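Engineer: return atomic coordinates for the entry below.
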Amino acid sequence: MVRELDAFETRELDGTQDASNPFWSVDGNSIGYFAREAGSSALHRIPARGGASQMLAPATFPPYGGASCQAGFIFTRWAVGLRLIDEDGQEHGWAPVDPSKNESNLAYPHCLPDGRVLGVIRSEDRDAIAVFDAERRAVLLELPSETVAWPVFATDGYILFERAEPNPGIWAVPVSDDVSSTTGPPVLILPGGRQPSVSDDGVLVAVAGTGRVDRHLVWVDREGHQLSEFGRP
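Structural biologist: Residues are numbered from 1 along each chain as shown. Take a look at the predicted model:
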């Protein structure tokens, strides 16, 4: 769903049912998202004002976020690393996993203003936040035996990220001007928060709470029509 900030109505983008992990393109004219395709998850792009959806990369399951950078769309291929879709729709390598370091995946890409990509390194015994370009990587923060996700850069000199243990929530760590190292320890800023996103003027948007799904039993006939339900969820 898309809503202009000066309007009350929302617009549904046709063909995006069961979409997940949406993100804006650099120019704001299209939206990237993931959708189920033949048992896996594929990366798609659709015009923000509506139109035909285009599949950019099939079989990316499981989706660990995507990002639009100046070079193109960045996404994760499980056990392979970060991949790039260029303007011509061609897929290229961006940052590979390093099996010699027991790395299992590179995930949650986020584009920095200078064209580098912020992301998470998943390994058997640690998670790390790192900066990648097409030739090298710089590890900014290692957290042994913890789950780290959704790192984002705030223009006032911090990286915000979701942390699962031991204190779940959104954390912030100060970084150098060139985003090549941290300049202090991480600090919890939003207990229980998830999936941070920061605007260019420094406003944080996040998911609050742990989420809940209500379920209840229903009777259906052999054609799938609901006949009755059992009480409340």
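Engineer: any regions of the protein where pLDDT drops low?
Structural biologist: 38-39, 210-213 (pLDDT under 70).
Engineer: report how many residues lie close to residue 216.
Structural biologist: 9 (other C-beta atoms under 10 Å). All C-beta spots, glycine's among them, are computed from the backbone N, C-alpha and C.
Engineer: pretty sure it is in a helix, no?
Structural biologist: No: under DSSP: H, G, I helix; E, B strand; the rest coil, residue 216 falls outside any helix and is assigned coil.
Engineer: what residues are up against it?
Structural biologist: Residues near residue 216 by C-beta atoms under 8 Å, 6 or more residues apart in numbering: 229-233.
Engineer: repeat for residue 68
Structural biologist: 23-26, 32, 74, 111.
Engineer: identify the bridge partners of it.
Structural biologist: residue 73 (DSSP bridges).
Engineer: switch to numbering from 24
Structural biologist: New numbering, starting at 24: the last item is residue 91.
Engineer: from residue 45, how far out is it?
Structural biologist: Plainly put, residue 91 is 11 Å away from residue 45 if you go by C-beta to C-beta, to the nearest Å.
Engineer: could you check how far the residue nearest the centre of the chain is from residue 37?
Structural biologist: Centroid check for the chain by C-alpha atoms, centre = their mean gives residue 88 as the closest residue, at 2.7 Å. Going from residue 88 to residue 37 by C-beta to C-beta gives 24 Å.
Engineer: kindly report the same for residue 249.
Structural biologist: With C-beta to C-beta as the criterion, residue 249 and residue 37 are 26 Å apart.
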